[in-house]
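Trainee: Predicted model and sequence below, questions to follow.
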Amino acid sequence: MNIISVIQEGVINAVKAVYGADIDSKQVSMNVTRKEFEGDYTVVVFPFSKIARKKPEAIAEDLGKHIVEHVAEISDFNVIKGFLNLSIGSEFWSEFLNAATVDPDFGIHPSNGKKVMVEFSSPNTNKPLHLGHIRNILLGWSCSKILQAAGYEVIKTQIVNNRGIAICKSMLSWKKFANGATPENSGIKGDRMVGDYYVMFTKKYEEEYLSWQQTEKAIEVYNEKKKEGQEKEAFFKGYKNDYFNEYSELGKEAKEMLLKWENNDPDTLELWKTMNSWVLEGFDKTYAKLGVDFDKLYFESDTYLLGKEIIEKGLEKGILTKEDKRVFIDLETKGLGRKTVIKSDGTSTYTSQDLGTAQLRWNDYGTEKMVYVVGDEQISHFQGVFEILKKLGEPYADGLYHLAYGMVDLPTGRMKTREGTVVDADDLIAEVIEESRQNAKERGELHEMSKEEQEEIIRNIGLAALKFFIIKVHPKKRMTFNPKESVDLQGQTGPYVQNAYVRIQSILRKAAGKADLEKSKLYKDYESLEKDLLNQIYQYPALVKSAAEDYDPSSIANYCYNIAKTFHKFYHDHSILKAESEEAKAFRLKLAKMVGRVLKAAMSLLGIEMPERM
RNA sequence: GGCUCCGUGGCUUAAUGGAUAAAGCAUCUGACUACGAAUCAGAAGAUUGGAGGUUCGAGUCCUCCCGGAGUCACCA
């Protein structure tokens, strides 16, 4: 039985016995005892002062005495103000450590029979992945692992946004300017190549727009549509989209291409397929570098027409309203305004696609939960989608969750494609690995290994730095990504946690076969750091559960750091291999091993691997 | 303007309504003849944006204000 429940029950019984009052476990306020005080768990007794009509100190004394007498696990107590600090006996900890040691699934919850789909990454196929995607991918991957550890069957998915005008822009640009260049004959990674042509389109379009602004037609438009006193420059800045649709040659060609695509023109489709495959190959390489994969891909080209069926259903039920061809839902009461599902030209929207895709996924997998890892700029969009599905009474509607994470800023401000400040994912990964390599070289710990082993470790450490740096921030928060700090290998970082693990492995290698771990049971007089470690290990399974409930990988990252920190201090203050006694040595080996196991398991939930040496 | 989110030492972050607000970076000072110094210890650094309120108790909950961001499309 969980020690927290044991204590809560003890308190409930004590209150009943001493004051004759009935309380429930919700009224028992408990925390882990703060470091500066003696004890393991603290019960706050202020809430009982009305029942007992005594001073908090006296109440704590009453309850403490009763609990020590009646609860076997509690060995001692002390009272400071209204706080009752309880100490857990070494028997309990000893049993816990032994049980955890032999439990191969420690921290992994048994299957709950439920399925959850996690969607993340979901890039457009017209440019390479960037820093923003990295946050998205790491959060999505980590949530998947956490949900899995919490007992769910997880299906990792993404929707590949592979159609639409943006895709046609890069296709058109390639056709016009590439002279048949391919990733193979140019040696450029596929996604980057396509992205380069997308950028080139934008550049050529800007040039075209600029020279158009000098024409008589442009002056005419300006005079006709400008607002009072609006300068030319300001007007044309705002007119860009209209220009694309009304007058642009490139715009016209791109739109024609989109039309051809929609009408299944063979040449267009072939070009589209070819360029898409280049991008997807490129993405796969980046995913592989990050160590992530997916169970199922959905392509927008297959889903963008979905939703008709569900919209029909909505119309029948009177949830959606039809006005000419346009279909919308009035969510004014929810503060979401009117959400259009079908445009007045009869074409679908992003919203209808998402409705249809949700339906499709439910049909494919029957997942009770669907988690969308998408930036917080789309909060209201998802509120709309979810609301519609709820009103339709879809069976999966209550399990929909938008994990809305904050945008990633640079120290110089927001990333902007136009200003060329977007941090490319591949470049960033290469950079952190290079930093790790420099560091490894200086330390020279790895020189006895093969080149391959060295590279593997170096890569591991660099990625750990990057991943930890991003995941430690609460998803909801907008974060500043400082490239300098992200490659830090010291302090509150991934490599710091890895180092704790490596130290443990080093000790275990040295002690292999030389210690009788059975003797650990004779060790009773725990050091306070030993208790801290035991307590932290003890928290782990519950932490996994709450991280899954909150979709919060940052809580796991913080946990990893804290337990690593405690271990580093313990390692510094107490010798393991040269412990005071054989019992102490056995106990500490067992403890260290368990710390290592938990660290490795917890970090793997963040997608971070642990090297054996570094 | 309406709605949503965020405001914590110089910087980046942490804190189920509980004790003296906790770490890292940067700065300064110590500890390698050591189970691995990617470590540890210490110093300095904070009226938790501001004002009220609820509570025995508020960084946390409520109200108002200030600052920042997002969104308010028949775009995705």
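Mentor: The structure has been received and is ready for your questions.
Trainee: What is the burial count for residue A:170?
Mentor: Using other C-beta atoms under 10 Å, residue A:170 has 26 other residues around it. For every residue, glycine as well, the C-beta is placed using N, CA and C.
Trainee: before we move on, what about residue A:365?
Mentor: Neighbour count of residue A:365, defined by other C-beta under 10 Å: 18.
Trainee: Look up how far residue A:134 lies from it.
Mentor: From residue A:365 across to residue A:134, the span is 27 Å (C-beta to C-beta, to the nearest Å).
Trainee: can you give me the helices for the stretch 351-500 of chain A?
Mentor: Taking DSSP state H, counting those that start in this stretch to define them, one finds helices in the stretch 351-500 of chain A at A:379-391, A:425-443, A:451-471, A:483-486, A:494-511.
Trainee: Kindly state the pLDDT recorded for whatever residue of the stretch 401-550 of chain A ends up closest to RNA strand B?
Mentor: For the stretch 401-550 of chain A, the residue closest to RNA strand B is residue A:491, as judged by C-beta to the nearest atom of the strand, at 2.3 Å. Among the per-residue scores, residue A:491 holds a pLDDT of 93.
Trainee: Write out the residues of the stretch 351-500 of chain A neighbouring RNA strand B.
Mentor: In this structure, the stretch 351-500 of chain A approaches RNA strand B at residues A:351, A:353, A:376-381, A:406-407, A:414, A:436, A:439-440, A:443, A:445, A:461, A:472-474, A:476-480, A:482, A:485, A:488-493, A:495-496, A:499, judged by C-beta under 7 Å from any atom of the strand.
Trainee: which of these are buried?
Mentor: For those, a burial check counting by 16 or more other C-beta atoms under 10 Å picks out A:351, A:353, A:376, A:378, A:381, A:406, A:436, A:439-440, A:461, A:472-474, A:479, A:488-489, A:492-493, A:495-496, A:499.
Trainee: need the contact list for residue A:505.
Mentor: Contacts were defined as C-beta atoms under 8 Å, 6 or more residues apart in numbering; by that measure residue A:505 touches A:596, A:612-613.
Trainee: go with 7 Å
Mentor: Residue A:505 makes contact with A:596, A:612, according to C-beta atoms under 7 Å, 6 or more residues apart in numbering.
Trainee: Which pLDDT value goes with it?
Mentor: Residue A:505 is assigned a pLDDT of 97 by the prediction.
Trainee: Quick check: it vs residue A:297, distance?
Mentor: According to C-beta to C-beta, residue A:505 and residue A:297 sit 37 Å apart.
Trainee: what packs against the helix or strand residue A:548 falls within?
Mentor: According to DSSP states H and E, residue A:548 maps onto helix A:528-550. Counting contacts by 3 or more C-beta pairs under 7 Å, 6 or more residues apart in numbering; DSSP states H and E, helix A:528-550 is packed against helix A:90-102, helix A:131-149, helix A:553-573, helix A:582-604.
Trainee: For the first one, output the C-alpha coordinates as PDB.
Mentor: The C-alpha atoms that make up helix A:90-102 are tabulated as PDB, following Å, rounded to 0.1, in the frame of the first residue of the first chain:
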ATOM      1  CA  SER A  90      14.200   2.000   7.900                       C
ATOM      2  CA  GLU A  91      12.200  -1.300   7.700                       C
ATOM      3  CA  PHE A  92       9.800   0.300   5.300                       C
ATOM      4  CA  TRP A  93      12.500   1.800   3.200                       C
ATOM      5  CA  SER A  94      14.500  -1.400   3.200                       C
ATOM      6  CA  GLU A  95      11.600  -3.400   2.000                       C
ATOM      7  CA  PHE A  96      10.700  -0.800  -0.600                       C
ATOM      8  CA  LEU A  97      14.200  -0.800  -2.000                       C
ATOM      9  CA  ASN A  98      14.300  -4.600  -2.200                       C
ATOM     10  CA  ALA A  99      10.900  -4.700  -3.800                       C
ATOM     11  CA  ALA A 100      11.800  -2.000  -6.300                       C
ATOM     12  CA  THR A 101      15.100  -3.700  -7.200                       C
ATOM     13  CA  VAL A 102      13.400  -6.900  -8.200                       C
END
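Trainee: relative to helix A:528-550, how tilted is that helix?
Mentor: 60 degrees (axes from the mean of the first three to the mean of the last three C-alpha atoms, to 10 degrees).
Trainee: got it, and the last one?
Mentor: Between the axes of helix A:582-604 and helix A:528-550, defined by the same axes, to 10 degrees, the angle is 20 degrees.
Trainee: how far out from the middle of the chain is helix A:582-604?
Mentor: The offset between the C-alpha centroid of helix A:582-604 and the centroid of the whole chain comes to 27 Å, using C-alpha atoms, centre = their mean, to the nearest Å.
Trainee: ditto for stretch A:58-76
Mentor: Centroid separation for stretch A:58-76 versus its chain: 42 Å, with C-alpha atoms, centre = their mean.
Trainee: How about stretch A:336-352?
Mentor: Remark: stretch A:336-352 is offset 30 Å from the chain centroid, using C-alpha atoms, centre = their mean.
Trainee: just stretch A:361-369 next, same as before
Mentor: A distance of 21 Å separates the centroid of the chain from that of stretch A:361-369, by C-alpha atoms, centre = their mean.
Trainee: which residues touch it?
Mentor: With contact meaning C-beta under 7 Å, 6+ apart, stretch A:361-369 is reached by A:114-117, A:155, A:370, A:396, A:399, A:401.
Trainee: and of those residues, the nearest to RNA strand B?
Mentor: The shortest distance between RNA strand B and any of these, using C-beta to the nearest atom of the strand, involves residue A:401 and amounts to 14.4 Å.
Trainee: okay, now the residue nearest to residue A:54 when sequence neighbours are not counted: neighbour count?
Mentor: For residue A:54, the nearest residue in space outside its immediate sequence neighbours is residue A:62; the separation is 7.7 Å by C-beta to C-beta, 6 or more residues apart in numbering. Here the count is done by other C-beta under 10 Å, and residue A:62 has 21 residues near it.
Trainee: And the residue of chain A positioned farthest from its centre, how far from RNA strand B?
Mentor: In chain A, the greatest distance from the average C-alpha position (C-alpha atoms, centre = their mean) is reached by residue A:216, at 53.0 Å. Residue A:216 sits 29 Å away from RNA strand B when distances are taken as C-beta to the nearest atom of the strand, to the nearest Å.
Trainee: do residue A:113 as well
Mentor: Applying C-beta to the nearest atom of the strand, the value for residue A:113 to RNA strand B is 27 Å.
Trainee: for residue A:222, same thing?
Mentor: Using C-beta to the nearest atom of the strand, one gets 22 Å for the distance from residue A:222 to RNA strand B.
Trainee: Check residue A:310 too.
Mentor: Noted for residue A:310: a distance of 16 Å to RNA strand B, by C-beta to the nearest atom of the strand.
Trainee: Checking my notes, residue A:514 in a helix, right?
Mentor: No: Residue A:514 is assigned coil when assessed by DSSP: H, G, I helix; E, B strand; the rest coil, not a helix.
Trainee: and it, how many neighbours?
Mentor: 9.
Trainee: Residue A:269 now?
Mentor: Here the neighbour count serves as a burial measure; for residue A:269 (other C-beta under 10 Å) it reads 14.
Trainee: show me the contacts for the closest residue in space to it that isn't next to it in sequence.
Mentor: Excluding its sequence neighbours, the residue lying closest to residue A:269 (C-beta to C-beta, 6+ apart) is residue A:261, at 6.8 Å. The neighbourhood of residue A:261, defined by C-beta under 7 Å, 6+ apart, consists of A:163, A:168, A:268-269, A:272.
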